[in-house]
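Participant: sequence? don't have it. structure:
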């Protein structure tokens, strides 16, 4: 099955590209450049919030203005004005460069192989191209000068990267290589800076090749006329091949352009994608009898070839334009997922996003991202595994028993946006909110737990396992840590007090406590309650007494005894999970006392989900008890 880097929705809007992983690797030379929160890019859901300093934006505006005036004065042969513009530009350029270097150095220092430097250049180039195009939309501004400005722009930005690498290396010799990783692919950044179009065009749909491939633009060595002559020949050749059902061509299209339906092959949009597909293009250019004869007999192409050393250089110049369009299209598609701040926002909103770990701040003086954020932590542990391993089963038999149980968990976890942090032999730790926090993280953890228990129940009915499982969920603030395993690999995990609490919650006793009779207690409770006069006092007293002195019974496989110990062969969650879910779900409160039995219907998994309070757990080293709920699904 073909793997895609972009979401299905985003791929539908592509004109020149397919968005496949194979195409991305070819265009960007090797491994796909990585980014933080790639799931947003791949799934097409949500946005990546980025804050760029206002100073940087102001410097971009000044730089564009003075660079334009410098080139304009040179074109008009106004030497005195050109000299003045050049002096002003040098001052602005120096300050601009210093600010860029400061920001990039800070990013590399905080980079832990998650793609922060790639995200910065995507966000910065989006902002820069918007500013540039706003400037050239003004009346009287000469549009052709935009492409003459690019050599100086790319020179400045390449200098910023080179100086930044040098400065970081001066701080610590191997910091660049270690923080970025030896597999770091900088071709995305190289493309943004040197391919011109990512900087000069704000939207792919507004690209006008006739303006770009002009005599004023030295970045691309083919004129529009020559490019168009070759393009038309290829277009007609493909159309002819499709009409004649040319087998090798059809096979190439089916093998490398699987997104094009059979009944739409003849459409112009489909033929454009075929021309831009490298496999189809190579096939056409090697077809001397048809494509070759038409190209080598075209007078306009023959004249253009005279400025190249050989025909291969001309074809490479043609491919350079095509690759530039493809890479720019992918870059612009990714940039649509980036929300730039400040954009009609208040500082309060930005601070809130940052505190939640949902904003990247490229300011040069602060942490780029807040790795401390709210997460939902799920632990799932098999009950009876130790006893089973002592019954004489071979290691191979035990391993395959574990495969039966844990293999389905991977798919369930992925379905709800979770991330498996680690397997612990007879258990698994799953986290929600890393790398992208969502309002529904706690709810998705609940969904995962329910489907895991359902799957395990099915396995028991099929005789494929005899295990039971205790699942615990806790929501709280934790710190995301990226540990370097070696020069290539890293391991992302979470650490902190709430992770420890989640672990304590999962380390529950498996045996069932004895349910105690409570008729006498109930009678005493009612007698004391109704001796009060105020109805609110009665309710508060009964709620307190119920929680403080509740009967210890097993509910959905979960109970808490009088010592605060948890018994769990079901789904046990902390009150923090319930409180977090109240932000996005309206619960029905059906308990005898407020907050003891809560429920809602989950349309995603098709179950009524009930949370029933079972008691307060006490953990050694934790300063207060923790209310525990059992989750029952109907």
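Facilitator: Looks like it came in fine. Just so we're clear, the structure is a prediction, and the values are computed from it rather than from any experiment. Residues are numbered from 1 along each chain as shown.
Participant: all contacts plus neighbour counts: C-alpha atoms, from now on.
Facilitator: Noted.
Participant: gap between the spatially closest residue to residue 40 that is not a sequence neighbour and residue 497?
Facilitator: Leaving out its chain neighbours, the residue that sits closest to residue 40 by Cα to Cα, 6 or more residues apart in numbering is residue 46, at 5.9 Å. From residue 46 across to residue 497, the span is 29 Å (Cα to Cα, to the nearest Å).
Participant: likewise for residue 250?
Facilitator: In terms of Cα to Cα, residue 250 sits 59 Å off from residue 497.
Participant: more neighbours: which of these two?
Facilitator: residue 250 (17 against 13; other Cα atoms under 10 Å).
Participant: state the phi and psi torsions of the residue lying closest to that one once chain neighbours are set aside.
Facilitator: Counting by Cα to Cα, 6+ apart, residue 250 lies nearest to residue 242, which is 7.1 Å off, once chain neighbours are set aside. Residue 242 has phi and psi values of phi -70, psi -40 when expressed as degrees, to the nearest 10.
Participant: and residue 242, what's its pLDDT?
Facilitator: Listed pLDDT for residue 242 reads 94.
Participant: now for it: which residues touch it?
Facilitator: 249-250, 265-266 (Cα atoms under 8 Å, 6 or more residues apart in numbering).
Participant: swap in residue 497?
Facilitator: With Cα under 8 Å, 6+ apart, residue 497 has these contacts: residue 478.
Participant: from residue 377, how far off is it?
Facilitator: Distance from residue 497 to residue 377, by Cα to Cα: 12 Å.
Participant: lowest-confidence helix or strand of the chain?
Facilitator: Lowest mean confidence among the helices and strands of the chain (mean pLDDT, DSSP states H and E): helix 519-530, at a mean of 54.
Participant: number of nearby residues for the residue nearest to residue 40?
Facilitator: With other Cα under 10 Å as criterion, residue 46 counts 15.
Participant: could you do residue 337 as well?
Facilitator: Each residue near residue 337 was counted by other Cα under 10 Å, and the total is 17.
Participant: skipping adjacent residues, who's closest to it in space?
Facilitator: Per Cα to Cα, 6+ apart, closest to residue 337 is residue 47, 4.8 Å.
Participant: so the one you found makes contact with residue 334?
Facilitator: No - using Cα atoms under 8 Å, residue 47 makes no contact with residue 334, being 9.9 Å away.
Participant: comparing the two, which residue is more hemmed in?
Facilitator: Counting neighbours by other Cα under 10 Å for residue 47 and for residue 334 shows that residue 334 has the greater number, 22 against 18.
Participant: show the buried residues in the contacts of residue 242.
Facilitator: Neighbour-count burial (16 or more other Cα atoms under 10 Å) applied to the contacts of residue 242 gives 249-250, 265.
Participant: tell me where the stretch 101-250 of the chain has strands.
Facilitator: Here the stretch 101-250 of the chain has no strands by DSSP state E, counting those that start in this stretch.
Participant: all helices for it, in order.
Facilitator: 116-136, 145-171, 175-180, 187-194, 197-200, 209-212, 224-243, 247-256 (DSSP state H, counting those that start in this stretch).
Participant: for the longest one, name the packing helices and strands.
Facilitator: Using 3 or more Cα pairs under 8 Å, 6 or more residues apart in numbering; DSSP states H and E as the contact definition, the elements that helix 145-171 packs against are helix 54-75, helix 79-110, helix 175-180, helix 187-194, helix 197-200.
Participant: cool, the last one as well?
Facilitator: With contacts defined as 3+ Cα pairs under 8 Å, 6+ apart, helix 247-256 has these neighbours: helix 224-243, helix 278-285.
Participant: ok so, going back, looking at the helices of the stretch 101-250 of the chain, which has the lowest confidence?
Facilitator: Looking at those, the bottom one is helix 175-180 with a mean of 85.
Participant: and that one, what other elements does it pack with?
Facilitator: helix 79-110, helix 145-171.
Participant: okay, now the unreliable bits of the stretch 351-500 of the chain?
Facilitator: Under the criterion pLDDT under 70, the flagged ranges of the stretch 351-500 of the chain are 386-392, 487.
Participant: all helices of it, in order?
Facilitator: With DSSP H, counting those that start in this stretch, the ranges of helices along the stretch 351-500 of the chain come out as 385-389, 395-415, 441-461, 497-506.
Participant: make CSV out of those and add distance to residue 133.
Facilitator: Shown next, in CSV, are the helices of the stretch 351-500 of the chain (distance: least, Cα to Cα, whole Å):
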stretch, distance to residue 133
helix 385-389, 64
helix 395-415, 41
helix 441-461, 40
helix 497-506, 48
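Participant: residues in contact with residue 144?
Facilitator: 211, 216.
Participant: let's see 10 Å
Facilitator: Contacts for residue 144 (Cα atoms under 10 Å, 6 or more residues apart in numbering) come out as 136, 211-212, 214-217.
Participant: what's the domain layout of the protein?
Facilitator: 8-221+308-338, 364-506, 520-545, 546-633 (automatic domain parsing).
Participant: TSV for these, including distance to residue 349?
Facilitator: Formatted as TSV, these follow (distance: least, Cα to Cα, whole Å):
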stretch	distance to residue 349
domain 8-221+308-338	11
domain 364-506	15
domain 520-545	37
domain 546-633	18
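Participant: surely residue 364 and residue 99 touch.
Facilitator: Yes - taking contacts as Cα atoms under 10 Å, residue 364 lies within contact range of residue 99: 7.9 Å.
Participant: any residues in contact with both of those two?
Facilitator: residue 53.
Participant: give me the number of residues near residue 25?
Facilitator: Neighbours of residue 25 (other Cα under 10 Å): 13.
Participant: you'd agree it is in a helix?
Facilitator: Yes - according to DSSP: H, G, I helix; E, B strand; the rest coil, residue 25 belongs to a helix.
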